[in-house]
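Asker: build the 3D model from these lines:
(chains A, B, C and D)
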Number of protein chains: 2
Amino acid sequence: MKIKKEIIDHSTEEKIKNAARKVFTQKGYAGTKTRDIAEEAGINLALLNYYFRSKEKLFDIIMLESFQEFMRSMISVFNDEKTSLEKKIESMVSNYIDLLIIQPDIPLFVLSELRNNPNELIKKMSLDNNLMKSFFMKQIQQAIKDEKISDISPVHFFMNMMSLTVFPFVASPMLKNLGGLNQEEFDKLMQQRKKLIPKWIKAIMKVK
Amino acid sequence: MKIKKEIIDHSTEEKIKNAARKVFTQKGYAGTKTRDIAEEAGINLALLNYYFRSKEKLFDIIMLESFQEFMRSMISVFNDEKTSLEKKIESMVSNYIDLLIIQPDIPLFVLSELRNNPNELIKKMSLDNNLMKSFFMKQIQQAIKDEKISDISPVHFFMNMMSLTVFPFVASPMLKNLGGLNQEEFDKLMQQRKKLIPKWIKAIMKVK
DNA sequence: GTAAAAATTAAACAAATGATTAAATATGTT
DNA sequence: AACATATTTAATCATTTGTTTAATTTTTAC
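Answerer: Coordinates of the predicted model:
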C-alpha cells in the first residue's frame, strides 16, 4: 500500500511537499503558516512535523529543489563542450522560458528568499557550479579573443541573457498591468521571446 | 521644538518611517516584526501604533513611497515630448541605475510584495500612468511605422529596457556569487551598464 | 489472527506578535 | 505658575503560530 501510494505520487509526504512548494512559493517563508500548508495538503497539522520535523527543515527541502530547478536549465547547457556558443544561448533561453511559463513564480521566490539567506544556499551554489570556469565562459572569452564579439566583461553577457529571459516573469504583475496584458497575451509574448532573445543577444554581443 | 525636530528630520515619526523602510525593504511585510522596527528606530513599541495606527497602515505608506520611487525614473522621462526616443532611453537607464546603486533593494521589495497584493497598489498604478498611452510609446510606434526599428510589440522594448537595467539588482546576491564579484566590482559593472544598455537597446531595436 | 510498528488525530503548550491601556513625562498656552 | 495637550513608557492582552503530546487508527510482519 505504501509503495503503491508513492508510485502514484499520493503519499502523505508528497502531498505535504507539494502543498509546501505551492504556499512557500506564493507567500515566502515568513508569510507561510504551517496551518496553511496543512490545509492546502488536506492533512492534519501534526503530520507536517511528523514527516519533516519543522517548518524550517521542510522549507530547506523546497528551497533547495526550487533553486536546483532554477539553475538546471543553465548548468545542463553550460558545460556541454559540443555545442556552439550560439546554440547554447538558444537552448538555454528556450529551456528557461518553457520552464518559466509553467512555473513562473520560481525566480521571485528564490531571489527574494536568497536575499535573507546569504549563507547556506549560496555556499551550495558556488560549490556545485563555478559559472566563471564553465565551458560557456571559456567560449565567450575565446570569441572575444577572436574579435567575434565585443570586449566587455563576460559577466555582462550572462547578466543580459538572464535579465532578458527571467525578468519579465519576476515583474509580470507589473508588466501585465502597465502593458494592459492578460495572462494569455503575456504568455504569447514570452513564446515570441524564445526566438527573439537569442537574436538580441547576438546583436548585443557585437556592439562595440 | 516639534517644528525644529521635523526640520532636522529627527522627529519620532520620521525615525519610525525610516526604520520601517529599512526593515520592510530587507525582510518584507510578513518577515518584519513591529518590535524590529521599534528597535531599529530606538523607540518604544507603542509609539508605532500611536503614530501609524497599525503595522499594515505603516507598511502601506512605505510601500506606496517605494513604489513611487521605483516608478519615478520612468514617468518623469516618458511623457517629455521634447526629447528623442534615444535620449529618453539614455536618461531613463542612467537615472535608474543611479537610484539602484544607492537603493538596490527597492525593486525586489516592490516586486515581491506586489505578488501578494494584486489589488490596491496595482490600481493606483494603472490610474496614475498609462504606460501604453505615454508619449514614449507613441514615439516607439512612430519609429516602427517609419521602419527605423523592427516591427515587434513595443512592450518587448519596454521589457528589455527594464530587464537589462533592473534585473541585475534583483538578482545581485546570485550574480555576485556566480560571477565571483564583490560589491565594488558589482557596482563598477553597473556603472558601465549606464552607457552600455542604451547602445544595446539600440542594437536590439534594429534586429529584424 | 495477533502483536509490533507506523500513521493519523485532537488537544494542548509555550513563545511570538500586533495591539491596547493607563500611568508618567514633556511640551505648549495662557 | 497652572492647566491642557501631546508624547512616551512599562505592562498587559488576545491571537497567532510552531511544535509537542498522548491517544487512536491503520498498516505491516509473523
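
Asker: helices of chain A, residue ranges please.
Answerer: Secondary structure of chain A by DSSP state H: the helices cover A:2-7, A:12-31, A:34-41, A:45-52, A:55-78, A:85-102, A:106-116, A:120-128, A:135-145, A:154-170, A:172-179, A:183-206.

Asker: tell me which of these sits most buried.
Answerer: Mean neighbour count (mean count of other Cβ atoms under 10 Å in any protein chain shown) peaks for helix A:154-170 among these, with a mean of 24. All C-beta spots, glycine's among them, are computed from the backbone N, C-alpha and C.

Asker: helix B:106-116 and that one, what's the angle between them?
Answerer: On the basis of axes from the mean of the first three to the mean of the last three Cα atoms, to 10 degrees, helix A:154-170 is oriented at 20 degrees to helix B:106-116.

Asker: what about chain A, any weak spots by pLDDT?
Answerer: A:1-10, A:118-122, A:124-129 (pLDDT under 70).

Asker: name the residue closest to the centre of it, please.
Answerer: Note on chain A: the residue nearest the mean C-alpha position is residue A:70, at 2.3 Å, using Cα atoms, centre = their mean.

Asker: select, out of the helices of chain A, the one closest to residue B:36.
Answerer: Ranking the helices of chain A by distance to residue B:36, with Cβ to Cβ as the measure, places helix A:12-31 first at 11.5 Å.

Asker: mind giving me the packing neighbours of the closest one?
Answerer: With contacts defined as 3 or more Cβ pairs under 8 Å, 6 or more residues apart in numbering or on different chains; DSSP states H and E, helix A:12-31 has these neighbours: helix A:34-41, helix A:45-52, helix A:55-78, helix A:106-116, helix B:12-31, helix B:106-116.

Asker: what's the neighbour count on residue A:54?
Answerer: Residues lying near residue A:54 (other Cβ atoms under 10 Å in any protein chain shown) number 11.

Asker: quick one on the thing from earlier: nearest to residue B:79, of the helices of chain A?
Answerer: Ranking those by proximity to residue B:79 (Cβ to Cβ) places helix A:172-179 first, at 14.0 Å.

Asker: does that closest one come close to chain B?
Answerer: Yes - using Cβ under 8 Å from any Cβ of the partner chain, helix A:172-179 reaches chain B at A:173, A:174, A:175, A:177, A:178, A:179.

Asker: tell me the angle of that helix relative to helix B:55-78?
Answerer: Computed with the same axes, to 10 degrees, the direction of helix A:172-179 lies at 50 degrees from that of helix B:55-78.

Asker: alongside DNA strand C, which residues does chain A contribute?
Answerer: Listed as neighbours of DNA strand C in chain A under the rule Cβ under 7 Å from any atom of the strand: A:2, A:12, A:43, A:44, A:45, A:46, A:47, A:50.
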